Every structure is written in structure tokens, then in C-alpha cells.
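K.L.:
Sequence first, then the predicted structure, then my questions.
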Amino acid sequence: MLKKIAKKRKIKKEYWQVTLLFLPGVIFFSLFTLYPIVKLFIMSFYEYKIGALKESTFVGLHNYIQVISDEISQAAVVNTLIYALITVPGQIVLGLLIAVFINKLSKAKVFFRVLYYFPVITSWVIVSVLFRYIFQNEGYLNYLIFSMLEVEPVHWLETRMSSLAVLSIIGIWKGIGWSMTVFIAALTAVPLELYEVAEVDGSNSIKNFFYITLPSIRNTILFTFVMLTIGAFNTFTPVKLMTDGKPLHQTEFVLTWMYKNAFEFRNMGYSAALSFTVGLLISIIAIIQFNYFKKA
Amino acid sequence: MKNRKLLGIFLTLAIMIGLTSCTSPKQAETKNKQIEKNETVTNIVFWHHYNEQSNENKVLMEILIPEFEKQNPDVKVEAVSHDWADLHNKALVAATASNLPDVIRVDSAWIPEFVDADMLMALDEEFEEFNSVKEGILTGPMDTANVKGHYYGLGLNTNTKILFYNTKLMGENDVEVPKTLDEFFEAARNLSSEAAQKIWGYGEPALSGWNMLPFIWSNGGELLNEDNSKAEGYLNSEANVELLSKFAQLYKDGFLSGFNSGDIPMTDGFAQGRYAMIIDGPWKYAELQGGHADFTDYDATTMPAGKNGSIQVLGGEDISISRNANKEAAWKFVKFMTNEFAQVEMGKAGQIPVNKKALENAEITSIKNYKVFLEAIKTSRARPAIPQWSELDQILTDAVTNVVLKGADAKETLDEAARKMDEVLR
């Protein structure tokens, strides 16, 4: 009996300690994550005005209706989706291939890892400006095409699809290093015995890849899949710096349009509604991805 | 064991206290200020966007503020430099926290927005001297601070745009410096060439209000009615339709470039002789001297005149007092910054003065690059002073882009844009 009470007391005491240890994290999370989200959610139902003495007017679902019926926000979502559809599989497939090759190397592993990781640590701003030089009308690429093939220069950054292609290329180039690193970590965790056993059974490396490697790192692939999809929806810097939605908002992405509305037109409510609509969309996509992988 | 747990708790608490106390020095600071306020010296805070490394900032910190404090020993000025775009957002945030500085240097285009957010003091209501101070300052820059009949600042410095042209290309093609809009469009045609390296007669970096309004106004058109409440019948007037069609034709024929994402940037293109003419502000001199010192074959003149004369768009900054400022001290400082002495000093550092006496001062009139600007400013106009300006600007940009780039019908597009603008203005 006494022992039980003593134990209970101990648990109680530990609760206190744990609570105390949690507190700073919880406070910061609530202050800088939870509170802004709730505030933003409320904002999305108002025609939100900046200014201490300004009354914001409640407009119900008006902002959401505008977001859904607005042609530019529709185009922005479609552009972002296209970008995700190209860059996410692109980064995963290429990242995985490179990871497998680097994993097989016996020498210079670190060298290649650093080499492929370089774009990841380079600033988005620098990358965007450099690629702009490459792809502008009189840029290096057009010069190359012209001097080698003698064809008319392509106006890469002036139509919707060519701009999306350029942006996707940059996205993949910059993102390979990250997925590669994640995959290398996962590959080292695959037990070598599996490959040894397979070898005894007369398997080859291609079969190994599809029947041992891929299934073993399935969870990692799912993780990168979800992370990269979310990442694709967060694309801002390259678009802002390379096309800024031009021409005529045809290359607008979700975030650039959100930014323009919030900080240039001061339509805070619209931007808030857009962010929640997109947040919902990302959640749905993530749930589908999880379910699909569970079944597969 | 017990000690370790105690240590854990202690550390946690220490971290929490450490983190929360980050805010306390500032509070202490403001407390100090309040104490000082009660004594004879008044502190005022001045937010501006003179670049910290610039000449202007040096003049402000080393000449103007010391001189002001000498003249007014009871006021101390704490000047804080911000990035241009940062200042706009920080001021809006400070406004929501009722934490605005006493005096702000405001881009004249922000005034209506800041007034709409209830951040600025109406100077004509607060200060009896206002009218006499206003008399000493150019009307154009003063108008940028006027919202619905009240003045929310004083003009501080001004700028506008002028026509830069490549003298070498002019000579080679036998083209005279255009004086009228018709001559200008003709010159843009004649200066273009399809040689190995294409040359465009005219380079324009964007199709927004800042770029298009000078053409619209000079051509006798308008964007909105007189009290900025209606676009229908003004934006889609015959003059504007005609002008826009001309612009579109110029682009279609390959004589106009610069506003697409892939185009050559203005300064580079002009210095390399790829754009024969550009229209830009006083900073272009500094940019050309800084990045292309060996390029000297250029000169400048005022915007070509249309039916309505040569009307350029007015830029520049105002100096404003915030709603919760220390009124009297702030007013003293604002008056000082717009007097002849301060304006001449700033003028020498590259800020075009707005004080009438400073403009007649020999030290200013002798600056060679100012000459054309000072002439252009006499006839330039501010953009509509309304809080919805950025939205209207976007509608205008979209409409012009649609016509110029996509070849849409000018009349239909402007009709539609006017309808959209009226919706925003309602």
C-alpha cells in the first residue's frame, strides 16, 4: 500500500517535471505557430484592414468564393500543380539513381555527395539570378542554340509553358541533392544479408533494386514524396525573381499571388483565404499519397 | 539523481527567464525616454530610407541633425535607417501596435495608404504655421501629401523622369531629338535596326502606371476623373485607345522592348547601344556612371510633348508626422528638413530639392544633371492619391500588357479595365 502511494507520488512528481520541460516548447509553438494560424483563419472571413483604429468588416465566405472563382488564383494553383507533377518525381527518380550509384562507389563517395549537395546549399536568390542570365532572350542558352544550330532564339521566360519548364528544371537541379542525401541514409540501413541471400538465389542487380532496395526504403520514398510536394507548393523565390507572374499572371504561383495580394494590394483577407484553400488542397494530396502507399 | 533533476528544472526555468527577458531592455529604453521627456530634452524618432552607406545619410547624420540640435537644444533626434520596402511594411506593423516613430520619410505613393490606415497627422489642422511653410514648397510635391483636402506631410524631395537618348545612334541615323510624341514614335522607328545585333528604338522596363501615365497624360488622356472616383469614360477615352494602339504597333513592328522577363535590363541595354532611347529618373546618371563609366554618348531632354504638353509622372518623398508623435518637436524637425539650408545640403547629395528658395540657390542651379529634371518637374503630375492605387495600377498594367503583348483590341480591353477599376473604387 505504502509502496503504491510512493509510486503514485513519484509519477505525479515526474509529471510536473515533464510539464516544466515541455513548457518552453509549447509556449513558443502556441505563440508563433498556433496563434498566427488561428488569427489567419479568422482573418480569412474578414475584409481585413491594417491600422490600429480600423474596423475590419466580416464578409463570411466572400474571400473563399473569390479565391475559387478568380481566374488568376486558378491559374496559380494549376501552375503550382504542374510544377509539383514535374519536379517531385524528377527529384525522387534522379535523386534515387544518384544515391544508388554513390552507394555502390568504393572511392570518392564524399566528393560526389558534396558535389550533388552544392545546389542545395546555394542561395535561391543567387540561383534564380544566374538561371535568369542563362534563359533570358539574349542569354547563354539562346547563344548556344543559335551558334550551334542556327535556329531562332527561344523566348524562354515569356510564355507560360516554357517558363514552367525552366522553373521545373531549376527546381529539380536544386533539389536532387536533398533527396539524394535522404536516400543514401536509407540505403545504408538496408541489411546487406538480403542482397547476399538474393545473390545465392541467382538474382542480378536490376532485380535486386526492384525487389529488395525499393521495398526496403518505401517509407523513405513516401516521406520524400510528401515533403517535396509540400515544398513544391512553397515555391516563391525563383518565380518572383525570374518571371514575377509575367506575362499577364500566366506564370503566377500560389505564393507569388498570395504575396501580391497581401503586401501590394493589401487584400489580407483574400490572401488568408487563399492560404487556407491551398493548405486544404495540400492536406488532401498528402492523405491520398499516404493511403496509396499503404495499399501498394 | 535528485540533484540532476533539480538541475534540469533549474535550467529550464533559466532558459524561460532568459528568453522572456529578451524584451526587457527595450522596455527599459522607452521608460528612459519617458523620463527624459519629462525633463527639458525631448527625444524624437525619425524613420527614413536613406541608404545607410549613401551620401544622403552622411549629410543627414553629420550635417543636418547636428545643426538642428544646435538650433533646438531641447530636441534630440534619433534617426533610424530602413530598407525602402522594409520601411513600408514596418511602418504598417508599428501602426497596428501604436508604436510609430514621431517622424517618417514616406514615399509619396504610400501617403494615401498610410492615411487610410490612420497613421499620419493632418498637418494643416494641427499647425497654424502650416500655410506659410507650404507656400515655400513646390505645389506638385505638396499635392502628393494631400488626401481629401488635408495635408499629411510636407514635400521633402522630388524626382521625375526624362528622355535619355544615345547621341551616337541619333547621329548615325540622322534622327533629331524628338520634341513631340509623334516625332518620338517616328524616332523610335528610325533608330531601330535589324543588324547582327538588333537595336530597339525605345526601351521601356514595365507597362505600369509609372511608365504609361506620362504618355497618357501628355497625349491629352486621363486615367480617372478629377476626384479619382471613376474610370469609365476616362481610361477608355478615344485618346487612350489611339495611344495604346500606337504603342502596340510599335511593339509589333519590333521597335519597342524591355518589359518582358527575358529582355535586356534597361541600364545595360542603353549603355550597350541596344536601346536607343529610354525614359528614366535621376538615378540613371549614377547607374550609368557606376556600371558603364566608359559610355558617354548620351544626353537627356524632357518628355516629348503631346496634345497636352510634356507631362511626366512625379516621384519623390514626403516627410510626415505620425498620429501619436510628439507634436511640437516633430513639427520643428519637419520644418527644418524642408528649409533652404537642409534642402541645399541634401540637393548636393543627389536629392532634388522641393523648397523654392533652395531651387534658386546657386549651389543647386549649378548642378549640371539637375537642369533637365528641374524643368520637367514644373509640368509633372503625381499619380492618383488614393489607397487603392496599387490595385488600379495592376489593372492598368494587365490591360496594357494584354493589348501590347497579346494584340488584344485596345477599345474592348480598356472598357473592361475601366469597369474593373470602378468596381475597386466603389
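P.N.:
That came through fine. The shown structure was predicted, so the numbers you read here are calculated from the model rather than taken from an experiment. Numbers count the residues shown, from 1 in each chain, chains lettered A, B, ... in the order given.
K.L.:
Distance of the residue sitting nearest the centre point of chain A relative to chain B?
P.N.:
For chain A, A:Gly231 is the residue whose C-alpha lies nearest the centre (CA atoms, centre = their mean; 0.8 Å). Look at A:Gly231 and chain B: by CB to the nearest CB, to the nearest Å, they are 23 Å apart. Where C-beta positions appear, they are placed from N, C-alpha and C, glycine not excepted.
K.L.:
how about the nearest residue to that residue once chain neighbours are set aside, what does it touch?
P.N.:
Leaving aside its sequence neighbours, A:Gly231 sits nearest to A:Gly175 (CB to CB, 6 or more residues apart in numbering or on different chains; 7.5 Å). Applying CB atoms under 8 Å, 6 or more residues apart in numbering or on different chains to A:Gly175 gives the contacts A:Thr87, A:Gln91, A:Gly95, A:Pro119, A:Val120, A:Leu228, A:Gly231.
K.L.:
my guess is B:Leu87 meets B:Asn51, correct?
P.N.:
No - using CB atoms under 8 Å, B:Leu87 and B:Asn51 do not qualify as a contacting pair, with a distance of 11.5 Å.
K.L.:
Overlap of the contact sets of those two?
P.N.:
When contacts are counted by CB under 8 Å, 6+ apart, B:Leu87 and B:Asn51 have no shared neighbour.
K.L.:
Out of those two, name the residue with the larger neighbour count.
P.N.:
Set side by side, B:Leu87 and B:Asn51 show more neighbours around B:Leu87, with 20 against 13, by other CB atoms under 10 Å in any protein chain shown.
K.L.:
Poorly predicted segments of the chain, please.
P.N.:
Since no chain was named, I'll use chain A. Within chain A, the segments meeting pLDDT under 70 span A:1-2, A:51-54, A:296.
K.L.:
meant chain B actually
P.N.:
Low-confidence segments of chain B, defined by pLDDT under 70: B:1-39.
K.L.:
ok, 50 please
P.N.:
B:1, B:18-37 (pLDDT under 50).
K.L.:
just the strands in it please.
P.N.:
For chain B, applying DSSP state E gives strands covering B:42-48, B:75-81, B:103-107, B:146-147, B:150-151, B:154-159, B:162-166, B:200-203, B:256-257, B:275-280, B:298-301, B:315-321.
K.L.:
mind listing the helices for the stretch 201-350 of chain B?
P.N.:
B:209-218, B:238-252, B:266-271, B:283-291, B:327-337, B:340-348 (DSSP state H, counting those that start in this stretch).
K.L.:
what does the stretch 1-150 of chain A give?
P.N.:
For the stretch 1-150 of chain A, applying DSSP H, counting those that start in this stretch gives helices covering A:2-29, A:35-43, A:62-69, A:71-104, A:109-121, A:124-135, A:140-149.
K.L.:
Go through the longest one and flag the buried ones.
P.N.:
What it means is helix A:71-104. If you call a residue buried by 16 or more other CB atoms under 10 Å in any protein chain shown, then helix A:71-104 has these buried ones: A:72-73, A:75-77, A:79-84, A:86-88, A:90-92, A:94-96, A:98-100, A:102-103.
K.L.:
Likewise for the first one?
P.N.:
Of all the residues in helix A:2-29, not one is buried under the rule 16+ other CB under 10 Å.
K.L.:
Quick one: check stretch B:396-415 for contact with chain A.
P.N.:
Yes - Stretch B:396-415 reaches chain A (CB under 8 Å from any CB of the partner chain) through B:Asp398, B:Thr401, B:Asn402, B:Leu405, B:Lys406.
K.L.:
Among those, name the ones in helices.
P.N.:
Under the assignment DSSP state H, the residues of stretch B:396-415 next to chain A contribute B:Asp398, B:Thr401, B:Asn402, B:Leu405, B:Lys406 to helices.
K.L.:
Going by neighbour count, which of those residues are buried?
P.N.:
B:Asp398, B:Thr401, B:Asn402, B:Leu405.
K.L.:
follow-up on the earlier one: for the helices of the stretch 201-350 of chain B, give me CSV that also has distance to chain A and mean neighbour count.
P.N.:
Shown next, in CSV, are the helices of the stretch 201-350 of chain B (distance: least, CB to the nearest CB, whole Å; neighbours: other CB atoms under 10 Å in any protein chain shown):
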stretch, distance to chain A, mean neighbour count
helix B:209-218, 13, 23
helix B:238-252, 12, 18
helix B:266-271, 9, 20
helix B:283-291, 15, 14
helix B:327-337, 18, 21
helix B:340-348, 29, 21
